[in-house]
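Undergrad: what's the 3D shape of this:
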Amino acid sequence: MRELTKVLVTGASGFVGVAVQEELRKGFHPVLAYLRRSSDPQAACRLGSLVMRGDITDRVALRKAFEWKPQAVVHLVGLIEERGDNTFGKVHIDGTTTVVDLCKEFQIQKLVHMSALGTRADAVSEYHKTKFHAEEIVTRSGVPYTILRPSIIFGKRSEFLVMLDVLVSVVWITPVLGSGQWKVQPVWVRDVARIVAQSLSDERTDGQVYEIGGPDVLTLDQMLQCLERRQGRQKSHVHLSETLGAWMAWGLELPGVARLVNWVHDHIRPVPRVTRDQLLMMQEDSIADPTRVRETFRFELTRFESWLDSEEYASKPYRPWKGRWLTSNSAGSVRPPA
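TA: Modelled structure (predicted):
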């Protein structure tokens, strides 16, 4: 086992980033949370992490984070939807290049890189293509690494689950793009965080790529039905054709419309939306054999329906009928790394 203490986490304000910090805190690891300048630092401060702000492609700012002299790096930065200058290429490829270059310069002992299930050279979506390019940068770096490819990640702050919950909670019928038979293998964010933490210290995971799927394979229709049962609702599903979905996605990507939708989504209520690239991703199932992950990390992954019955789901951090995120007021101040 590798003994590591100080860990730098990029993308630390995100859904997975917060869970990873919580898991690392259990092992008393000092953590430096590297956040976008526009990100809310409250969660990282509340967890006792040091905080530094900067873009993932900002080599000067990121170098200052590496000057804290971490022994390991968890690279979680990812982009599911392009906005303005934030393109898949810039974030996934250029950002990973910057991280890897600094890992080599500062002789980082372990890099855990978050990718996604479905990533490959001939993928149909730009998201998966650029994720694969990022993986190649990591595997050719010479830095000890572990690459994780999860399916859909669910949990308390999952934006994907927020969208499904809004559809189930607000609309009297449930619109579903396509046939509703897109298969996923939802995996709990805390299970993913546990795998990240174990990968940092377990030398058996060096040079390995793990595809992570939860215990159950569910269609999109089945996920919605699970949420409906949990909320005591019986609703009809209206399946929209893929052609209509493509036109809707195209309309939502028009500059003026996109700005309005993004503003409403960020400031008023979550807006169910989909991009053309995401529609391409939904043409392929997101499933994996969980055996290798279970044998390597030696714990049972959490079932989606079991989590829906938990207190964590019952205390969701948003109100679907208002769509507003609720955050804790008890946050510390932003502290530079010592």
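Undergrad: residues making contact with the helix or strand harbouring residue 149?
TA: In the assignment (DSSP states H and E), residue 149 maps to strand 145-150. Contacts of strand 145-150 with the rest of the structure, by C-beta atoms under 8 Å, 6 or more residues apart in numbering, involve 110-119, 135, 138-139, 187, 192, 195-196, 199, 205-213, 288. Using the backbone N, CA and C atoms, a C-beta is placed for each residue, glycine as well.
Undergrad: What's the PyMOL line that selects buried ones from these?
TA: Entered in PyMOL, the line below selects the buried ones among the contacts of strand 145-150, by 16 or more other C-beta atoms under 10 Å:
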select buried, resi 110+111+112+113+114+115+116+117+118+119+135+138+187+192+195+196+199+205+209+210+211+212+213+288
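Undergrad: if you look at the contacts of strand 145-150, which of them are in helices?
TA: Cross-referencing these against helices under DSSP state H gives 135, 138, 139, 192, 195, 196, 199.
Undergrad: so where's the stretch 201-338 of the chain shaky on pLDDT?
TA: 241-273, 316-338 (pLDDT under 70).
Undergrad: residue ranges of the strands in it, please?
TA: 208-212, 218-219, 237-240, 318-319, 324-325 (DSSP state E, counting those that start in this stretch).
Undergrad: Report the rounded mean pLDDT for the strand holding residue 149.
TA: Average pLDDT, strand 145-150: 98.
Undergrad: Okay, now the sheet partners of that strand, with direction.
TA: strand 110-114 (parallel), strand 208-212 (parallel) (DSSP bridges).
Undergrad: what sits up against the last one?
TA: Meaning strand 208-212. So strand 208-212 is contacted by 115, 117, 135, 146-151, 187, 191-192, 195, 199, 288-290, 292-293, 296 (C-beta under 8 Å, 6+ apart).
Undergrad: Keeping just the C-alphas, turn that strand into CSV.
TA: C-alpha atoms of strand 208-212 as CSV (Å, rounded to 0.1, in the frame of the first residue of the first chain):
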residue,chain,number,x,y,z
GLN,A,208,-5.5,0.3,-14.6
VAL,A,209,-8.8,1.5,-16.2
TYR,A,210,-11.9,0.6,-14.2
GLU,A,211,-15.4,0.7,-15.7
ILE,A,212,-17.8,1.3,-12.8
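Undergrad: Show the average pLDDT along the strand or helix carrying residue 8.
TA: According to DSSP H and E, residue 8 maps onto strand 7-10. The pLDDT scores in strand 7-10 average 98.
Undergrad: just checking, what packs against it?
TA: In this structure, strand 7-10 packs against helix 15-26, strand 31-35, strand 72-75, with contacts taken as 3 or more C-beta pairs under 8 Å, 6 or more residues apart in numbering; DSSP states H and E.
Undergrad: Adjacent strands (with direction) for that strand?
TA: Counting by DSSP bridges, strand 7-10 is paired with strand 31-35 (parallel), strand 72-75 (parallel).
Undergrad: what's the distance between the first one and the middle of its chain?
TA: It stands for strand 31-35. Computed by C-alpha atoms, centre = their mean, to the nearest Å, the separation of strand 31-35 from the middle of its chain amounts to 16 Å.
Undergrad: The stretch 151-300 of the chain: helices as residue ranges?
TA: Assigned helices in the stretch 151-300 of the chain, in chain order: 159-170, 189-201, 220-230, 242-252, 255-267, 276-281, 291-297 (criterion: DSSP state H, counting those that start in this stretch).
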